[in-house]
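Engineer: here is a sequence with its predicted model. Questions after.
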Amino acid sequence: MEILEEIAQLKQERNAVILAHNYQIGEIQDLADFVGDSLYLSREAARTSARVLVFSGVRFMAETAKILSPEKTVLLPDLEAGCSLADSITAEQLREWKRQFPGAVVVSYVNTSAEVKAESDYCCTSANAVEIVRRIPEDRDVLFLPDMFLGEYVRNKTGRKNIHLWVGDCFVHARMRPENVTQARATHPGAELIAHPECGCTSEVLSEVDQVLSTDGMLRYAETTHSPEVLVATEVGILHRMRKENPQTRFVPLSAEAVCPFMKRNTLEKLRDSLRYLQYPIELDPAIIPRARVPIERMIAG
Ligand code: 13P
Ligand code: SF4
């Protein structure tokens, strides 16, 4: 039997849904039940009635789904699909940081471990970080973690001086520097430029960027732009749907090397085996789950 048929059959047998992030390979995006950014996938994971959720993405995304639906089986097809940004802060480091700023409000990017979420007041994604920080009273210190470029962007947008940043970054996005923007502008005159807020170029050359958006925000933008050419500063997996859904526009990656090795650990074969052998189930400390759910629910309720 062909692999796509095998996956479809196993999915039915298991009463499973496949959730895929926008950075997955095209074949996985095409067969998934839900494809989107971290916020959309968290919302769908909370809503679905399926018994088994296969997360074709990275570990923190599957953990978020498990936190929201602990009674369900949440599978990650490859246990090595982590996220170096999420690994840049531990719960102990966060506890120590909180001791230095008593009374501060902790806003954690969804790219964090369940233990770090359990120490946080709010979660956010690239789609809603500015809006979440605006909900916090002006006089309260904010500890924003772990992505300093997203944090810097939030600082710029809100004009708040009392946002303290954890010095973490995503190496895939941080590598995109202002020089890449200058060079791309010269070789693609007239093209629009859209960028993910994790990019190392957004804070320094913010005025050069037409829009700073989450991955779903970029896909929505791609549908509405009248520009014949758009430079896209994020992981290259996003180009699959952008090009497929908008053949009239030319989408050019700001860096063709922006490939996340963690996201790309997922393959069709691993997805099939995940459904076949129910591997690898996400297990979390039951004491952590209710505490980690609070900041996520605050986020998805907004
Ligand atoms: P989005 O939530 O914008 O999809 O970003 C997730 C991510 O991991 C970016 O590197
Ligand atoms: Fe983590 Fe960066 Fe990969 Fe996103 S692109 S999953 S932040 S390493």
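Structural biologist: In hand now; what should we look at? Residues are numbered from 1 along each chain as shown. Ligands and ions are numbered 1, 2, ... in the order given.
Engineer: do stretch 253-271 and ligand 2 meet?
Structural biologist: Yes: counting by CB under 6 Å from any ligand atom, ligand 2 is contacted by stretch 253-271 at C260, F262, M263. (Each C-beta comes from the backbone N, C-alpha and C, glycine too.)
Engineer: show residues contacting that stretch.
Structural biologist: With CB atoms under 8 Å, 6 or more residues apart in numbering as the test, stretch 253-271 has contacts from 3-4, 7, 18, 21, 23-25, 27-28, 54, 56-58, 77-78, 80-84, 172-173, 175-176, 180-181, 184, 193, 195, 199, 201, 231-237, 239.
Engineer: what backbone torsions are found at the residue nearest to M176 when sequence neighbours are not counted?
Structural biologist: Setting aside the residues directly before and after it, M176 is nearest to C199 in space (CB to CB, 6 or more residues apart in numbering), at 4.6 Å. The phi/psi pair for C199 (degrees, to the nearest 10) reads phi -70, psi 140.
Engineer: C199 and P178 touch, don't they?
Structural biologist: No: C199 lies out of contact with P178 (CB atoms under 8 Å); the separation is 10.0 Å.
Engineer: between those two, which is the more surrounded one?
Structural biologist: Taking other CB atoms under 10 Å, C199 and P178 do not tie; C199 has more neighbours (31 against 15).
Engineer: how close does the more buried one get to ligand 1?
Structural biologist: 10 Å (CB to the nearest ligand atom, to the nearest Å).
Engineer: check that residue and give its pLDDT.
Structural biologist: What the model reports for C199 is a pLDDT of 94.
Engineer: residues of the stretch 51-200 of the chain that sit close to ligand 1?
Structural biologist: Counting by CB under 6 Å from any ligand atom, the residues of the stretch 51-200 of the chain close to ligand 1 are N111, T125, S126, C170, H196, E198.
Engineer: assign the third one to helix, strand or coil.
Structural biologist: The three-state assignment at S126 reads coil, by DSSP: H, G, I helix; E, B strand; the rest coil.
Engineer: and for it, nearest residue in space, chain neighbours not counted?
Structural biologist: Leaving out its chain neighbours, the residue that sits closest to S126 by CB to CB, 6+ apart is S214, at 4.0 Å.
Engineer: centre of the chain versus the helix or strand hosting D273, how much separation?
Structural biologist: With secondary structure defined by DSSP states H and E, D273 is part of helix 268-277. Centre-to-centre, helix 268-277 and its host chain are 23 Å apart (CA atoms, centre = their mean, to the nearest Å).
Engineer: and the next helix or strand past it?
Structural biologist: helix 289-301.
Engineer: show the contacting residues for the nearest residue to A8 once chain neighbours are set aside.
Structural biologist: In space, and not counting its chain neighbours, A8 is closest to L31: 7.6 Å by CB to CB, 6+ apart. Residues near L31 by CB under 8 Å, 6+ apart: L4, I7, A8, I18.
Engineer: and P178, how close does it get to ligand 1?
Structural biologist: To ligand 1, P178 is 19 Å away according to CB to the nearest ligand atom.
Engineer: quick one: that residue and T202 touch, right?
Structural biologist: No: with contact defined as CB under 8 Å, P178 does not count as touching T202 (9.5 Å).
Engineer: that's a strand at K157, yeah?
Structural biologist: No: counting by three-state DSSP, K157 is not part of a strand but helix.
Engineer: which parts of the stretch 151-300 of the chain are strands?
Structural biologist: For the stretch 151-300 of the chain, the strands defined by DSSP state E, counting those that start in this stretch cover 163-165, 192-195, 211-212, 229-233, 250-253.
Engineer: worst mean pLDDT among those strands?
Structural biologist: Comparing mean pLDDT across those, the lowest value falls on strand 211-212: a mean of 93.
Engineer: and stretch 262-281, how far out from the chain's middle?
Structural biologist: Using CA atoms, centre = their mean, the offset of stretch 262-281 from its chain centre is 19 Å.
Engineer: name the element A45 belongs to?
Structural biologist: Using DSSP H and E, A45 falls in helix 38-47.
Engineer: that helix near ligand 2 anywhere?
Structural biologist: No: judged by CB under 6 Å from any ligand atom, helix 38-47 makes no contact with ligand 2; its nearest approach is 8.8 Å.
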